[in-house]
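>>> curious how this folds, go ahead:
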Amino acid sequence: NFGMVFKSTISNNFSLESGIIFYQRNFRLTGSSSNISGVLRDTSSFSYVSYGIPFQGIVYIQVGSDLFMRNAIGLNMDFYASSVKSKGINLGIDHISERARWINGSITGNLGVEKRDDKLGTFYIGAEVNIPISAIAVTKLKYHYGGINPDKYDNLFLRGNYFGIQIKYYLPKDLENKLE
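Here you go, the predicted structure:
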């Protein structure tokens, strides 16, 4: 993930945050089969790109003079870029993931620590979870065993849930005054 967020401080213990984020979810497919001629294996990788607009409420618990534990929960409005295709390394897997819908929502939350400094700004490190409300893509697979007709599988609904590490930096509040 990469992006820019704006934080509106309501009080020392509560903030609201919004912005725009670029998301890239990476997936890996592996297939294998056994037949008379031996074991066939194949692997395919693909990335699924989306853009999100998060809206989060943040609650802070002060644990030191300039150190805060930070808890946030909110919603994302997600926009999916396009469908993706991939082929296996050995050309055994044919894959296509078509976006399930153009716009989707997700529930997001994070937990971490924030160090505030009036001159340097605010530094944050924490963990996040993102759970889309519904499937982000419909995945269709074919597996070629070396014959003419590949096996086709039922559509898979790609959920796109993820858990990640967040690192954020917020500019100092008085930076605008210094520039004048």
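
>>> now the longest strand anywhere in the chain, how far from the centre of its chain.
In the chain, with assignment by DSSP state E, the single longest strand is strand 38-62. Put simply, strand 38-62 sits 3 Å off its chain's centre (C-alpha atoms, centre = their mean, to the nearest Å).

>>> need the helix or strand of this structure with the lowest average pLDDT.
Lowest on mean pLDDT, DSSP states H and E among the helices and strands of the chain sits helix 175-179, with a mean of 62.

>>> what pairs with the longest strand of the chain, and is each one parallel or antiparallel?
strand 14-35 (antiparallel), strand 67-80 (antiparallel) (DSSP bridges).

>>> how about the last one: buried residues?
Within strand 67-80, the residues that qualify as buried by neighbour count (16 or more other C-beta atoms under 10 Å) are 68, 70, 72, 74-76, 78-80. From N, CA and C alone the C-beta is placed, and that goes for glycine too.

>>> got a markdown table for those, with distance to residue 112 and pLDDT too?
Shown next, in a markdown table, are those (distance: C-beta to C-beta, whole Å; pLDDT from 0 to 100):
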| residue | distance to residue 112 | pLDDT |
| --- | --- | --- |
| 68 | 10 | 96 |
| 70 | 5 | 95 |
| 72 | 9 | 97 |
| 74 | 14 | 97 |
| 75 | 19 | 97 |
| 76 | 18 | 95 |
| 78 | 22 | 93 |
| 79 | 26 | 94 |
| 80 | 27 | 89 |
